[in-house]
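>>> With the input below, show me the fold.
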Amino acid sequence: MFSRLSIGVAQVVRTFSTSSQNNVKVAVCGASGGIGQPLSLLLKQSPLVTQLHLYDIVHTPGVAADLSHIDTPAVVRGFNGADNLDAALKDAQVVIIPAGVPRKPGMTRDDLFNTNAGVVRDIAAAISRNCPKALVGIITNPVNSCVPIASEVLKKAGCYDANRIFGVSTLDIVRACAFIGEAAGHNPLDVTIPVIGGHSGVTIIPLLSNCKPAVNFPESQVKQLSERIQEAGTEVVKAKAGAGSATLSMAYAGARFALSLVRAIKGEKNIIECAYVRSNVTEATYFSTPLRLGPNGIEENLGLPKLNAFEQGLLKAAIPELKTNIKKGEEFVLKN
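Sure, this is the predicted structure:
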């Protein structure tokens, strides 16, 4: 059901597209950071990417030079500093935003808000000027608030299209597949599961009842797995002991989602990913559900899968938190 990122060197790097003129220009904002560098590496590997523009406030020319030595067709350019943001984004078809400060031990995603909200606001304003029709994937935390920030900025600029703005929650799905595969004795690559809601704590709602292949865990294990998926980011922050947050797994998930957008732009059919988007599926005005992607972004919101009683409880707990997160993002734009 869901798309996969295939990054085998022989399979991906050497299997070049025969129609390069139809390939896609991708911009990564925050390309020098812990997520941005491995994310850019994975995108450079893809034969679907014609141009790869890398933007950050420091070190971007070095990252671009390093990646440009890789023998794949994507042409890489680095753009350094706020004065070059417009040039980095000019005519991009896909924009992926991992920019911002990472979490440290003891920090919640909301603790990142004051710094990262301004970063997303400024990048969204530049998108409105330079690539208003781009498909935009926001990784910057807190995603639950940053997607509404970008949306409000684009509304003010008169170029908002709800079908083109995504909060990248793919890491929650990647983690769910890994943890469930391990617990059930399945190859994680054979596991598919929708993870709905948002992208922090209790707003993350893994739907184990919808897992394929079907799993039959006792209730206590379902609860344990669900809580681990919800708190997996904190698990990594603690394990790195102050040295960073989930960068490599987020880069993998971000590249998977970015390449799903690229494939959709190129006309591939039936690409389905969960992402955090403007929604009327629940009381929360932004919510992640399975989406069918097309050349113009969301082709169809597939809505809420069937939930069991435990999952209904998770949904009930998530909605008030999501509403608070969304309001915080919208109010930030009003005040700034």
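>>> mind listing the helices in this structure by residue range?
36-45, 60-68, 85-89, 113-130, 143-156, 170-184, 219-230, 232-239, 248-265, 309-335 (DSSP state H).
>>> so which of the ones you listed comes closest to Asp190?
Among these, the nearest to Asp190 by C-beta to C-beta is helix 170-184 (7.4 Å). Quick note: C-beta positions are derived from backbone N, CA and C, even for glycine.
>>> which helices and strands does that closest one pack with?
strand 195-197, strand 204-206, helix 219-230, helix 232-239, helix 248-265, strand 271-278 (3 or more C-beta pairs under 8 Å, 6 or more residues apart in numbering; DSSP states H and E).
>>> which of those sits most buried?
strand 195-197 (a mean of 30; mean count of other C-beta atoms under 10 Å).
>>> What are the contacting residues of that one?
The contact list for strand 195-197 (C-beta atoms under 8 Å, 6 or more residues apart in numbering) reads 169, 172-173, 176, 203-207, 229, 274, 287-290, 304-305, 314-315, 318, 322.
>>> ok, 6 Å please
172-173, 176, 203-206, 274, 288-289, 318 (C-beta atoms under 6 Å, 6 or more residues apart in numbering).
>>> Stretch 247-267 too?
In contact with stretch 247-267 (C-beta under 6 Å, 6+ apart) are residues 3, 5, 22, 24, 34-35, 38-39, 42-43, 46, 48, 93-94, 96, 135, 137, 139, 168, 170-171, 174, 271, 273, 293-295.
>>> Kindly recompute the last result at 7 Å.
3-5, 22, 24, 26, 34-35, 38-39, 42-43, 46, 48-49, 93-94, 96, 98, 135, 137, 139, 168, 170-171, 174, 271, 273, 275, 293-295 (C-beta atoms under 7 Å, 6 or more residues apart in numbering).
>>> do the same with stretch 64-75
Contacting residues not belonging to stretch 64-75 are listed as 13, 16, 20, 40-41, 44-45, 47, 49-52, 54, 76-78 [C-beta under 7 Å, 6+ apart].
>>> Are any of the residues you listed buried, and if so which?
13, 40-41, 44-45, 47, 49-52, 54, 76-78 (16 or more other C-beta atoms under 10 Å).
>>> Nearest residue to Pro208 in space, please, no chain neighbours.
To be clear, residue 208 is Leu; Pro isn't right here. Val222 (5.5 Å; C-beta to C-beta, 6 or more residues apart in numbering).
>>> From Glu321, how far off is that neighbour?
21 Å (C-beta to C-beta, to the nearest Å).
>>> Over to Val236?
Taken as C-beta to C-beta, the span from Val236 to Glu321 is 21 Å.
>>> Kindly report the same for Tyr252.
26 Å.
>>> thinking again about what came up before, could you dump the helices and strands packed on helix 170-184 to CSV with distance to Asn130?
Supplementary listing: the helices and strands packed on helix 170-184 in CSV, determined by distance: least, C-beta to C-beta, whole Å:
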stretch, distance to Asn130
strand 195-197, 32
strand 204-206, 33
helix 219-230, 36
helix 232-239, 31
helix 248-265, 17
strand 271-278, 22
